[in-house]
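A.B. asks: starting from these lines, generate the structure:
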Amino acid sequence: MTTVTRRNVLKSGTALMGGMAGILATGRAPAFAQGTTVHWLRWNDFVPASDQLLRKELLPAAEKALGIKINFETVNGNDLQPRITSAIQSGSGPDVIMLFNNHPQIYSESVIDLSDLTNSVSKAEGGYYDLCKSNTADGQKWIAQPWAIVGAMIAYRKSWFDEVGSPTFPDTWEKYREVGKKLKANGRPIGQTLGHTFGDAPTFSYPYMWSWGGTEIEKDGKTVNLNKKEVIESVKFMTAFWKEAHDEGGLAWDDTNNNRAFLSQTICATLNGASIYIESLRNPDKYITEKGAQLKTDIQHSPLPKGPAGQFAMHTFFSHVIPNYSKNQAGAKEFLKWIHTTANYEPWFVSQKGFATPPTREWEKHKLWDEDKVMAPFKVAGLLGQTPGYPLPSSGKKPAEVLTKYIITDMYAKAIQGGTAEDAVMWAQGELTKVYT
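C.D. replies: Residues are numbered from 1 along each chain as shown. Okay, here's the model as predicted:
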């Protein structure tokens, strides 16, 4: 056996490259990482088993492989954007930060270029879905590393819909409204948030608006033309639909309230990721229907209905950024490289049970998708979603600002709370104009 020396390791080209071959050959961590602590900030996962896996298995393995200490911190999803804003303003904070949807665009000048890493993952895994680039690329530069896509589908009670004469989920808003009226009359309303919360509110309000023919901006990227008949009609319809078929307390909900309402069986349907169904799988004897069956056997998933202009979707998108202020950029980047290696990312993906869909095409082939037909609609979530700023091909700073201010969601909420449709749309037109001009 050849003795491992600094000279022959350097000749082999494995040292200081961060590769596993170099680590194994030398028995030491890469030089850049020795003594490094990487602070990773992300949300409290709606699939708790995944956070447990990270804490107990994956992060200890990463620390051993890379020779770094990882400070793993989780917070409520709605707290992530305030945290990164504060960190950038102060010039100190976490080294790796999870962000939602197109939020990285807001901080493009304050985070490092990750193009080499994103291009490497894309090449190895069959390419990213278009929505990944739209959310995380600033021109030709990738400012965030795509992590996952949480498909937004309507979870609904199959037996309750059957009871009111809807054996399949309604495929138009008009049909959904009629079925919803019957269900609410039976004490089983639809549950939907129109609050300031990162996931379920925008993933409902944006596709709903698009399906009626409304967009926040025209294709030229300059013209705001929201105040038109199609959008006003969508607001009028939503106002009536809300009163007739929804739990009207949903205006104040965040992304957890609808999960609890569905699992306590006080609502018949809600737009959500698959976390409700996965929780029912995790505790099958805890969630029992009024007929004594396990709730998991009565949950199905469906895309949002179609409107006059077609059928649309927006899915919650996760990515990670490394802020410029980080003093541990090399270690942070190497950690992202490590966690995105297939052998390390796959256990996390499997623990999600389909709640989070990987950002590249290669994972569509994974055997997980063959194990549960109820999860089948989520397999190609990455193919079907549009991003804020649609129909623009890239969701830049201005669409990100619109999303952050909840302008589209608030347009519907204002009318539901008692304003006229015309006033709500005019208000949104004015707010959009402030952003785009």
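A.B. asks: burial of residue 243, as a residue count?
C.D. replies: 12 (other CB atoms under 10 Å). For every residue, glycine as well, the C-beta is placed using N, CA and C.
A.B. asks: my error: substitute residue 60 in the last question.
C.D. replies: 12.
A.B. asks: tell me the phi and psi of the residue nearest the centre of the chain?
C.D. replies: Closest residue to the average C-alpha location of the chain: residue 316 at 2.3 Å, with CA atoms, centre = their mean. For residue 316, the backbone dihedrals are phi -70, psi 130 (criterion: degrees, to the nearest 10).
A.B. asks: make sure it is actually in contact with residue 99.
C.D. replies: No. Counting by CB atoms under 8 Å, residue 316 sits too far from residue 99 to count as a contact (11.1 Å).
A.B. asks: need the contact list for residue 252.
C.D. replies: 193, 195 (CB atoms under 8 Å, 6 or more residues apart in numbering).
A.B. asks: distance of it from residue 196?
C.D. replies: 10 Å (CB to CB, to the nearest Å).
A.B. asks: beta partners of the residue nearest to the centre of the chain?
C.D. replies: residue 150 (DSSP bridges).
A.B. asks: for stretch 39-49, list the C-alpha coordinates in PDB.
C.D. replies: What follows is stretch 39-49, C-alpha atoms only, in PDB (Å, rounded to 0.1, in the frame of the first residue of the first chain):
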ATOM      1  CA  HIS A  39     -25.300  27.900  10.600                       C
ATOM      2  CA  TRP A  40     -28.300  26.500   8.600                       C
ATOM      3  CA  LEU A  41     -31.700  28.200   9.100                       C
ATOM      4  CA  ARG A  42     -34.800  26.600   7.700                       C
ATOM      5  CA  TRP A  43     -38.500  26.100   8.500                       C
ATOM      6  CA  ASN A  44     -40.100  23.700  10.900                       C
ATOM      7  CA  ASP A  45     -40.900  21.000   8.400                       C
ATOM      8  CA  PHE A  46     -44.600  20.000   8.100                       C
ATOM      9  CA  VAL A  47     -43.200  16.500   7.900                       C
ATOM     10  CA  PRO A  48     -41.600  16.200  11.400                       C
ATOM     11  CA  ALA A  49     -39.800  12.900  10.500                       C
END
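A.B. asks: would you mark the buried spots in it?
C.D. replies: The neighbour-count check on stretch 39-49 (16 or more other CB atoms under 10 Å) flags 39-43, 45-47 as buried.
A.B. asks: what distance separates that stretch from the centre of its chain?
C.D. replies: 13 Å (CA atoms, centre = their mean, to the nearest Å).
A.B. asks: which sections of the protein are below the confidence cut-off?
C.D. replies: Counting by pLDDT under 70, the chain contains low-confidence residues at 1-35.
A.B. asks: domain ranges for it?
C.D. replies: Domain assignment for the chain, taken from automatic domain parsing, gives 35-149+316-378, 153-314+405-436.
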